[in-house]
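**Student:** A predicted structure for the sequence below; I have some questions about it.
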Amino acid sequence: MSLAFASERPVVGMVHLDALPGAPGFDGDRASIREHALRDARRLEAGGVDAILVENFGDAPFYADDVPKHVVASMAALARDLRRETDLPLGVNVLRNDAEAAVSVAAAAGAAFVRVNVHTSARLTDQGVVEGDAAETVRLLDRLDADVSILADVNVKHSAAIAERPLEEEVDELLGRGLADGLVASGPGTGEEASLDHVADVAAARDEHDADAPVFVGSGVTRETVVETLDVADGAIVGTALKEDGETTAPVDESRVRALVDAKA
């Protein structure tokens with residue numbers, strides 16, 4: 001599989017879902033979840049992003065790797081609505097690390113890619129030790145005959161290594177043994193800037209593997225930093241900087257989207 005976007009340096013805009021039914025933050029209004037998701041998707045498309053990525057951001061605290069079936073059902077319905085609303089490629093991330101659910105939702109909704117926070121190895125997180133399950137994720141894609149690519153995080157945010165390993169080994173395993181289609185390099189937390197040195201190291205390790213896999217920066221990209229970021233990375237996943245007043249949980253601000261997209265042109 002290969003990731004294909006209209007732009008050579010794609011910007012992927014985030015659709016952060018409100019708390020879904022069953023989550024502590026759910027306010028009882030199912031219709032507003034859909035309305036807010038479609039509103040943000042429309043604003044992202046109008047602002048010029050190249051793709052959108054939907055995730056259950058409002059569902060904290062997150063399940064480690066197995067969300068309830070009602071979460072999968074809600075996300076599948078919402079992802080399908082997003083596919084109908086825009087012509088942009090759609091990605092799916094099921095937090096914290098339910099790759100099986102993400103692939104299932106993506107296959108059902110006709111999405112183009114999934115983001116998997118821990119695809120190989122293991123990380124220490126606020127959900128405990130989260131382990132990758134690349135063997136099942138890749139085989140599920142085959143079983144579902146789904147043309148869905150895998151974007152895998154390298155040293156994912158909101159986590160720590162259980163044991164230090166060379167970055168080159170991590171990248172080699174994600175691409176070589178985990179069969180990831182692309183990589184994501186992030187800062188330490190949501191909205192926090194990624195070190196460009198780290199991004200460059202991930203890209204260099206990708207090159208050493210001789211893989212045709214894009215490297216995306218997964219947090220902290222702003223209008224002011226997008227040019228220097230895309231001088232090092234192949235694309236960016238942007239959420240917080242595209243929201244009203246730069247607040248992660250606020251609605252998408254179309255003017256902020258357009259300003260960032262125009263800045264990277």
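**Tutor:** That came through fine.
**Student:** Sketch out the low-pLDDT regions of the protein for me.
**Tutor:** For the chain, applying pLDDT under 70 flags the ranges 1-2.
**Student:** Got the phi and psi for the residue most central in space within it?
**Tutor:** Geometric centre of the chain, nearest residue: R115, 4.4 Å, by Cα atoms, centre = their mean. Here is the backbone geometry of R115 (degrees, to the nearest 10): phi -110, psi 130.
**Student:** so who does it touch?
**Tutor:** R115 makes contact with L53, E55, G91, V92, N93, A102, L151, A152, D153, V184, G218, I237 under the criterion Cβ atoms under 8 Å, 6 or more residues apart in numbering. Placement of C-beta: from N, CA and C, glycine included.
**Student:** How much space separates the residue sitting furthest away from the middle of the chain from G22?
**Tutor:** When distances are taken from the C-alpha mean of the chain, G28 lies farthest, 26.5 Å away, according to Cα atoms, centre = their mean. Applying Cβ to Cβ, to the nearest Å, the value for G28 to G22 is 12 Å.
**Student:** How about D40?
**Tutor:** Distance from D40 to G22, by Cβ to Cβ: 21 Å.
**Student:** likewise V238?
**Tutor:** 28 Å.
**Student:** Then Y63?
**Tutor:** Applying Cβ to Cβ, the value for Y63 to G22 is 10 Å.
**Student:** Who has more neighbours out of those two?
**Tutor:** Neighbours of Y63 and G22, each counted by other Cβ atoms under 10 Å, are more numerous for Y63; the result is 18 against 13.
**Student:** Tell me which residues touch that one, please.
**Tutor:** Going by Cβ under 8 Å, 6+ apart, Y63 touches R96, D98, Q127.
**Student:** how about the residues you listed in CSV, adding distance to T248 and secondary structure?
**Tutor:** Putting the contacts of Y63 into CSV (distance: Cβ to Cβ, whole Å; DSSP: H, G, I helix; E, B strand; the rest coil) gives the following:
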residue, distance to T248, secondary structure
R96, 16, coil
D98, 21, coil
Q127, 19, coil
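**Student:** Same list (the residues you listed) but as JSON lines, adding distance to I162 and neighbour count.
**Tutor:** JSON lines is the format used below for the contacts of Y63 (distance: Cβ to Cβ, whole Å; neighbours: other Cβ atoms under 10 Å):
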{"residue": "R96", "distance to I162": "16", "neighbour count": "26"}
{"residue": "D98", "distance to I162": "20", "neighbour count": "26"}
{"residue": "Q127", "distance to I162": "14", "neighbour count": "17"}
